[in-house]
Structure formats: C-alpha cells, structure tokens
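# Structure for this input, please:
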Amino acid sequence: MATNIHITLDHNSYLREPESTELGRRIITESIRMIDALGFEQFTFKKLGAEIGSTEASVYRYFENKHKLLVYLVSWYWAWVDYTVTFQTHNIPDPRQRLSRALDVLTKAGQDDDPSVAYIDERILYRIVVAESSKVYHTKEVDAENKEGYFLEIKRLCRRLAQMVLEVNPAYPYPHALISTIMDAAHQQMYFARHLPSLTEVKKAQHPEEETKNFLEHLLFSAIDSIKQNKQ
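Numbers count the residues shown, from 1 in each chain. Presented below is the predicted three-dimensional model:
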C-alpha cells in the first residue's frame, strides 16, 4: 500500500469535511470506536462529545445527525475498498485472477489496519460495516439521499467489479446484480458466522474470511461460467 492515501467524499453527508481538522479527525476516530463498542442505537453525539473532550454542539458542526455520520463512515469504507481493489489488481493481466483478487480484498478487508490512514482503524470500521451498514440504505430517505450522491462509493466499486465480470464472460447478463449480491453476502456471511451460525457453514472459530471467500468465489464463478456453458 502507499505510505499515505487521502480518501475524499464529495457529498452532503457532512457539513464540514472532518478530515480537514484535528477535531474532525478525532470525531471520526472516536465515533468508530464508540459505535463498535456501544452499537449504533446507543451511540449519541452527547456521548461522543464527552469522549473527545468537546461539546455536543461541536460535533453537530460536522454532521447534522448520527445517521449522516454513519453514511460518511460506510461511504469512506467503500471508497477505501475501491482504492485497495484498484491498487492490488492493476498489474494482474488475467481477468479471472483479477476478479479473484478483488474478491479476496472484499472478504478480508477487516483483517488488517491500513497504516496509511492513521486516524481510522479499518479493522474496527469493517466490524461496523458488517453490523450496521444496512441502516444506511434501509431508510425512508434513501431515494432522496441517492439523488444527492450519498452512495456513489459503493456504486463505483460495484461498477468496477461488474466490469471485471464482463471481462471474464462478456455474455453474462447480470453483472451488477451478481456483484451487489456478492458484496452484500461477503458481510452477511461474516455476521451469520458470529451471531447466527446455523444459517451458514462459515464458522467463526476457523477461518471465516477464507471460508467466506471460498464460498463466494464458488458462487461467483459458477454463475459466470454457467451462462457461458449454456451459450455453447
């Protein structure tokens, strides 16, 4: 990885870019830690302000409410995964190997903290995305927020991976549907392994990231190759 990366989100989830100030970076660092520890429902700006030695009002200068803070965190995560996928696949000429490597990044994003972003622990952020990210999209305001560009980061990554699918098999008719399903399942299987183990063969105590990757790779390439075989 590069020694320094700068992820910029250009949408209306924030009132002031948190990365631009020391206080903003502390808000991001501590909100990640507190949401992971408390859960999104129990997390409040009042608790966050006390934790960072500031006021609740100072947090509101950056984010209108905690939903928009969660939108920012999840969007930042997808932008970081997109960057990582691009970085780790750009020298792989074979399209199947490139897609497999991208899937490896997607399923193992929570294993290591990226030192190139000192104020964000990607391991903790990954746990938040697994547990809480559905709350970003499953809201009454999702259509309006989509029009304002809140979800460009996940859509950009989906589009990039869907293009990789078409490079493996140009005849495959559902690349975006397949990739969005895979992206969701990558987190869902990890969540099930930790909390609802009877819903999956992926086991928490063994190697859940590797097992999830193996399952999703089987699902992904079986779907892509089945269409190719039917065309022959």
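
# What separation do you get for the closest residue to residue 75 other than its chain neighbours and residue 92?
The shortest distance from residue 75 to any non-neighbouring residue, by Cβ to Cβ, 6 or more residues apart in numbering, is to residue 153 (4.6 Å). C-beta: built from backbone N, CA, C; applies to glycine. To residue 92, residue 153 is 23 Å away according to Cβ to Cβ, to the nearest Å.

# Tell me which of these two has more neighbours.
residue 153 (22 against 14; other Cβ atoms under 10 Å).

# ok, the more buried one - contacts?
Going by Cβ atoms under 8 Å, 6 or more residues apart in numbering, residue 153 touches 9, 75-76, 78-79, 82.

# Tell me which of the residues you listed fall in helices.
Within the contacts of residue 153, residues falling in helices by DSSP state H are 75-76, 78-79, 82.

# if we take these, which one ends up nearest to residue 170?
Set against residue 170, the nearest of the ones in helices among the contacts of residue 153 by Cβ to Cβ is residue 82 (22.7 Å).

# circling back: report the separation between the residue nearest to residue 75 and residue 106.
Distance from residue 153 to residue 106, by Cβ to Cβ: 14 Å.

# Give the residues shared as contacts by the two.
Here residue 153 and residue 106 have no joint contacts, going by Cβ under 8 Å, 6+ apart.

# where do the helices sit along the chain?
Shown for the chain, the helices assigned by DSSP H span residues 22-38, 45-51, 56-60, 66-89, 95-107, 122-132, 134-137, 142-147, 152-168, 175-195, 208-231.

# Could you work out the end-to-end span of stretch 98-115 for me?
Terminal residues of stretch 98-115 are spaced 24 Å apart (Cα to Cα, to the nearest Å).

# ok, now stretch 191-209?
11 Å.

# Offset the numbering so it begins at 59, please.
Sure thing, new numbering starts at 59, so read that last one as stretch 249-267.

# buried residues in that stretch?
Using 16 or more other Cβ atoms under 10 Å as the test for burial, stretch 249-267 gives 249-251, 258, 260, 266-267.

# related to what we said a few turns ago, worst average pLDDT in the helices of the chain?
Mean pLDDT is lowest for helix 266-289 among those, at a mean of 86.

# Distance from that one to the middle of the chain?
In terms of Cα atoms, centre = their mean, to the nearest Å, the centre of helix 266-289 is set 21 Å apart from its chain centre.

# Which elements pack onto that helix?
The contact analysis (3 or more Cβ pairs under 8 Å, 6 or more residues apart in numbering; DSSP states H and E) places helix 266-289 against helix 153-165, helix 210-226, helix 233-253.

# Quick one: those helices as CSV, columns for distance to residue 76 too.
Shown next, in CSV, are the helices and strands packed on helix 266-289 (distance: least, Cβ to Cβ, whole Å):
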stretch, distance to residue 76
helix 153-165, 25
helix 210-226, 16
helix 233-253, 24
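
# Would you tell me which of those helices gets closest to residue 109?
Taking Cβ to Cβ, helix 233-253 is the member of the helices and strands packed on helix 266-289 nearest to residue 109, at 25.5 Å.
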